[in-house]
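Q: model this:
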Amino acid sequence: MKNIFRFALLFVFVVLLAVSADAKQYRVAVIADSERDDFVYLIDAVNGELTKIFSEKDIVLLEKTNAALRPFEDESAIQALIYKALRNEKYDAVLTLGPVSSHLCASMRIFKKPVIAAHIVNGHIQGIAKSGNSSGVKNLSYIDFGVDFLHQIEAFRRVKEFDTLHLIMSPNYLRAVPHLAEYLKSEADKQKTEIIIAETGKGLDEMKRLLVKAKAAMIVPIFGRPFDYQKEIIELLNELKVPSMAMLGRIPVENGVFCSLTPDIDNQKLARRIAINLNRIFAGDDAGSFNTDFAMPERLAFNMETAEKIGVFPTWSQMTDAILFYGNSKGKNKQMDIGTVIETALTKNLRLIAKNREKEKQRQKTIEAKSAYDPVLQISLNQLNIDKDRADSILTPAQHSAKLGADLLYVIHSEKANANIDIQRLFENVRSEEERALMLDIIKEALMAYVNVSKSHAIVNIQKDNLEVTRVNLEMAKLREKVGTSGPGEVYRWEIQMAGARQAVIGAQAVLKKAVMALNEVLQNSQEEEFDLDNFDLSKDSFYLNYVQMEPYIDNLRGYKIFKDFMVADTFEFSPEIRQIDGGIAAAERLLKSEKKRGKDPTVALQFNFTRTFKEWGTGDEKFVPPPFNSVFKIPDKNDSYIGLNVSLPVFEGRARTASIKQVNAEVLRLKAERDYLKDRLELNTRVALEDAKASFASINLANSRAEYAEKMLELVQNAYSRGAVSVLDLIDAQNAFLVAKEAAADAVFSFVKDFVYVCRAVGSYDIMLDEKSNAEWFKRLRIYYADKSEKPNNRKRD
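A: The predicted model follows:
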């Protein structure tokens, strides 16, 4: 047993010894301009790519050799590190990061070991050796971004015309590439543009003095300077209202630079290129034969918040093809979800305000009808003048008298008053239903406007995506032309497609703007009111239309038939139009009942009167009864009063009563006939709307499937086109098919939502779409109705 154990240990030792003997370790000296975060990220990314390429037994160590440097060291110290690394036998290769280190390394003529200069801005301008697509120098590999300064200046001038341009550059870079400044000045002079170099590293006051009269500024990446310093330079330019362009990257634009033409360096792609080059170097390939090109696609980017600050704006055409950053200014746009849209529409709609006034008027009519049972008190002041001869009588007032009186009438019972109160209450309910009908119409308008904005926004995004696909295909065509697999005709064809795609984006944006204006009209806003369109998304919890739950009730013959009957039943229950006419019928029937009771139900009222003669003058103002009559007759005092109960009943009114009854009865029958007709129309509206909803619902899955396969087809054709297996027309056809399919997929969803809005309006309730709790209750009622109708025949009876 011990021998077996010893043998096993010996075997493991031999295997480990063999593995360690085959293992290889490579050391790469890494020299960077500074300890920037993006350089650290790039080194980590290179390590990640190396682990994918090299086997587990091979080890590649990236050793940063300038970790002890001061944070912002000059180029001489960096150059010394490069020489030291090239002489140091422990390093198998040298990797330089940053434009200064890369230029200093690539400018050398003899290389004792392989080097990779990873950040050459423009090898031609910098005078770096090149033969064909490689350096042609033994052991020299570099990565050339090919940034064309003059082309960028020309693009900048198309955004903002200027004849003087301040070039903000690092002094280290200027010293490392001593002829760069003069080259740029001489070439820019051909474009009638004066270049003024503004070196960084100075204090803000000094930079302000340099830039105070600047007409435009281009910011070359300020390597070796802290981020806060760069931000201060950007803020200074914006404070001076100087249009600025970042020479490289969109991150500066996000941080406040006005615009840029080239994107940020794709560090993952760059790391992959570095790792592949290292793999080839350690496999024995000459670094001088490696491809140096690392083309940067061009696309304008604008900071719209900065544009507001400096008062310079791009054209519509430039904005169409550009990436736009809004910063905090986008947050200033009004936040509008569907709930806010509906609430605002209902609050500010002028028609609804007028209807509320009408409803209030009817409420006052009801109060007026009730006032028939309120006590009525009247005060009167009368002056009586009679003949002088009559005034001599002791039984008459004086020739002139003044009286103050009060009359009180209190109705105890009146059928006419009761009927009027009931009828006015019914009319008040009718006005409420009229208001609800108007509210439903306004909600429909708001929902349709909201959906149109959402759809238009989605179409704009689809057109922008198509523009991006066209851009990729254009870059592919340019690459094919460059390597000689196609001619310039394909590039021209894609340039035509780019122009068409830009036009489509502008057209879609115009449609979106009109949709926003229509929404503003519904909301009673200013026509130029802007919204945060990111909130206009039907995929959010704005609508509670669960397509999966609805599918069993819509997407099959039996379920759809029951579903239609269910929705029609809800229409008859919730429709405000039916409730309005029901209120009119109830009011007419109440009036008919009152007319029939008019000769049988008396009106009972209590009356009281009090009158006082407070002044008499003229003949007879002093009344007296001579004796012996004064013992029999008394002079009446100055107060008169009486109280009585008044009961009145119209006994005979000729043919008027019969005619009135027949007239009201005819009105009742007319309203009932109109109600039946209205129910037929509403049922038709509901069923027609449901047919549209069914069609658009069925289109959703089909349109999504179409878009999915169109996307797969486009990928296949793109890959085939990159290999030269298909023509440019095949790719254009595939791309157009994908565009149409995506638009159709988006349109299917929006069409269903719009169709269901019409369904909800026909039914008279939007709760299923807008309220989560009501939506759950609605589905519960639907399941119960469906189960019931599955067991019983569909014998719907019109109520």
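Q: so which strand or helix has the residue nearest to Arg363 when sequence neighbours are not counted?
A: The shortest distance from Arg363 to any non-neighbouring residue, by C-beta to C-beta, 6 or more residues apart in numbering, is to Glu428 (5.9 Å). C-beta: built from backbone N, CA, C; applies to glycine. Using DSSP states H and E, Glu428 sits in helix 415-483.
Q: that helix - contacts with which helices or strands?
A: helix 338-348, helix 350-370, helix 488-522, helix 576-597, helix 656-722, helix 728-763 (3 or more C-beta pairs under 8 Å, 6 or more residues apart in numbering; DSSP states H and E).
Q: okay, Thr262 and Glu589: tell me how far apart.
A: For Thr262, the distance to Glu589 equals 81 Å [C-beta to C-beta, to the nearest Å].
Q: ok, Ser705 next?
A: Applying C-beta to C-beta to Ser705 and Glu589 gives a distance of 57 Å.
Q: out of those two, which sits in the more crowded spot?
A: More crowded of Ser705 and Glu589, by other C-beta atoms under 10 Å: Glu589, with 18 against 12.
Q: what sits against the more buried one?
A: By C-beta atoms under 8 Å, 6 or more residues apart in numbering, the residues touching Glu589 are Val668.
Q: which stretches of the stretch 101-250 of the chain form strands?
A: Remark: strands assigned in the stretch 101-250 of the chain by DSSP state E, counting those that start in this stretch are 115-120, 140-144, 164-169, 194-199, 217-219, 244-246.
Q: redo these as JSON lines? Include mean pLDDT and distance to Leu770.
A: Below are the strands of the stretch 101-250 of the chain laid out as JSON lines (pLDDT from 0 to 100; distance: least, C-beta to C-beta, whole Å):
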{"stretch": "strand 115-120", "mean pLDDT": "92", "distance to Leu770": "55"}
{"stretch": "strand 140-144", "mean pLDDT": "93", "distance to Leu770": "56"}
{"stretch": "strand 164-169", "mean pLDDT": "90", "distance to Leu770": "54"}
{"stretch": "strand 194-199", "mean pLDDT": "88", "distance to Leu770": "58"}
{"stretch": "strand 217-219", "mean pLDDT": "91", "distance to Leu770": "50"}
{"stretch": "strand 244-246", "mean pLDDT": "92", "distance to Leu770": "46"}
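Q: among those, which is nearest Lys478?
A: Lys478 lies closest, by C-beta to C-beta, to one member of these: strand 140-144, at 16.5 Å.
Q: list the buried residues of whichever strand or helix holds Leu62.
A: Under the criterion DSSP H and E, the helix or strand holding Leu62 is strand 58-64. Across strand 58-64, burial judged by 16 or more other C-beta atoms under 10 Å covers 60, 62, 64.
Q: mind listing the strands it pairs with, and their directions?
A: Here strand 58-64 has these sheet partners by DSSP bridges: strand 24-32 (parallel).
Q: in the partner strand, which residues are buried?
A: Quick answer for strand 24-32 (16+ other C-beta under 10 Å): 26, 28-32.
Q: before we move on, the earlier item: wait, the residue nearest to Arg363 touches Gln364, no?
A: No. Using C-beta atoms under 8 Å, Glu428 makes no contact with Gln364, being 9.9 Å away.
Q: per-residue pLDDT, the nearest residue to Ser765 once chain neighbours are set aside?
A: Spatial nearest neighbour of Ser765, chain neighbours left out: Phe574 (4.7 Å); criterion: C-beta to C-beta, 6+ apart. The model reports Phe574 with a pLDDT of 89.
Q: ok, Phe574 touching Gly764?
A: Yes. When contacts are counted by C-beta under 8 Å, Phe574 is listed as touching Gly764 (3.8 Å).
Q: more neighbours: which of these two?
A: The residue with more neighbours, out of Phe574 and Gly764, is Gly764; 22 against 17, by other C-beta under 10 Å.
Q: quick one, what contacts that one?
A: So Gly764 contacts 436, 440, 570-571, 574-577 (C-beta under 8 Å, 6+ apart).
Q: then Ala417?
A: By C-beta under 8 Å, 6+ apart, the contact list for Ala417 reads 369, 372-373, 411.
Q: related to what we said a few turns ago, now for the buried residues of strand 24-32: which two are most distant?
A: Greatest spacing in the buried residues of strand 24-32, by C-beta to C-beta: Tyr26 and Ala32 (19.1 Å).
Q: sorry, back to before: redo the helices and strands packed on helix 415-483 as CSV? Include distance to Lys202.
A: What follows is the helices and strands packed on helix 415-483, written out as CSV (distance: least, C-beta to C-beta, whole Å):
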stretch, distance to Lys202
helix 338-348, 50
helix 350-370, 61
helix 488-522, 42
helix 576-597, 74
helix 656-722, 49
helix 728-763, 51
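Q: neighbouring contacts of the host helix or strand of Leu324?
A: When elements are assigned from DSSP H and E, Leu324 belongs to strand 323-325. Outside strand 323-325, the residues that touch it by C-beta under 8 Å, 6+ apart are 250, 253-254, 299-305.
Q: picking that back up, in CSV, list the strands of the stretch 101-250 of the chain along with distance to Lys789.
A: Below are these laid out as CSV (distance: least, C-beta to C-beta, whole Å):
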stretch, distance to Lys789
strand 115-120, 73
strand 140-144, 72
strand 164-169, 76
strand 194-199, 81
strand 217-219, 72
strand 244-246, 67
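Q: what's the closest of those to Asp676?
A: Using C-beta to C-beta, the strands of the stretch 101-250 of the chain put strand 244-246 closest to Asp676, at 73.1 Å.
Q: Asn133 touches Gly288, doesn't it?
A: No. Counting by C-beta under 8 Å, Asn133 stays clear of Gly288, with 11.5 Å between them.
Q: who has more neighbours, those two?
A: Set Asn133 next to Gly288 and count neighbours by other C-beta under 10 Å: Gly288 wins out with 19 against 14.
Q: can you read off the pLDDT for that one?
A: 92.
Q: and the gap between it and Asn122?
A: In this view, Gly288 and Asn122 are 20 Å apart by C-beta to C-beta.
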